[in-house]
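Peer 1: What follows is a predicted protein model with its sequence.
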Amino acid sequence: MDTFPTFFTRRRLLGLAIAAQMLFILAVAGAGYATTALGRTIVLRTTPVDPRDLLYGDYVRLNYSISQVKPELWHGSEAPKKAQPVYVLLQPANGVYEAAGVYATEPAAAPEQAILRGWVTDSWRRGIRLRYNLERYYVPENTGLRLEKSATRRPLLVRVSVAPWGQARITQVGEVGR
């Protein structure tokens, strides 16, 4: 009995492996489009920094107003720990969303509120520093410096689409009033 797969079996396995890779790529792309199409759009205030990367081109690193929150907003039984996943309850205020609470477990939200998943990067007596995986936004070549300079005059607004399953995606970065 032949212990090695036949030519046709190997060919079928190769076809399945290629199909699995294609499905994975399509699922990743589809998740991004679904987040934009089905997600709720929220607006966050930010300040861009470091607009250039030699390997990847122009980008802006975004520092959101909700990236550093007061410790009074923490709602957990223990102090937040570095790299801990958290849920940030966002409340609309003056046209943008601001942090209303930071939770260790997903809280219930009112219809006008939104929940954004983040991670603790640092915690101390005066505040909690968070990241959302929305801190880097690539822009067309030679526009990063212009965007950073415009942010020195007026704050930038970032439109973020948050899907019902928690995935978030930047859909637009622009000046206030644009």
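Peer 2: Thanks, I have the structure now.
Peer 1: what's across from the closest residue to Lys82 other than its chain neighbours in the sheet?
Peer 2: Counting by CB to CB, 6 or more residues apart in numbering, Lys82 lies nearest to Val120, which is 5.8 Å off, once chain neighbours are set aside. (Each C-beta comes from the backbone N, C-alpha and C, glycine too.) Counting by DSSP bridges, Val120 is bridged to Leu130.
Peer 1: Gly15: which element?
Peer 2: Here Gly15 sits within helix 7-38, counting by DSSP states H and E.
Peer 1: ok, the spatially most central residue of the chain - contacts?
Peer 2: For the chain, the residue nearest the mean C-alpha position is Leu134 (3.3 Å; CA atoms, centre = their mean). Residues near Leu134 by CB atoms under 8 Å, 6 or more residues apart in numbering: Leu62, Tyr64, Val158, Val160, Ala168, Arg169, Ile170.
Peer 1: How about the secondary structure of it?
Peer 2: coil (DSSP: H, G, I helix; E, B strand; the rest coil).
Peer 1: what's the domain layout of the protein?
Peer 2: Annotated domains of the chain cover 1-38, 40-175 [automatic domain parsing].
Peer 1: Most tightly packed of the ones you listed?
Peer 2: Highest mean neighbour count of those: domain 40-175, a mean of 16 (counted as mean count of other CB atoms under 10 Å).
Peer 1: as a whole number, average confidence for that domain?
Peer 2: The average pLDDT for domain 40-175 rounds to 88.
Peer 1: so which of the contacts of Leu134 comes closest to Thr35?
Peer 2: Arg169 (4.6 Å; CB to CB).
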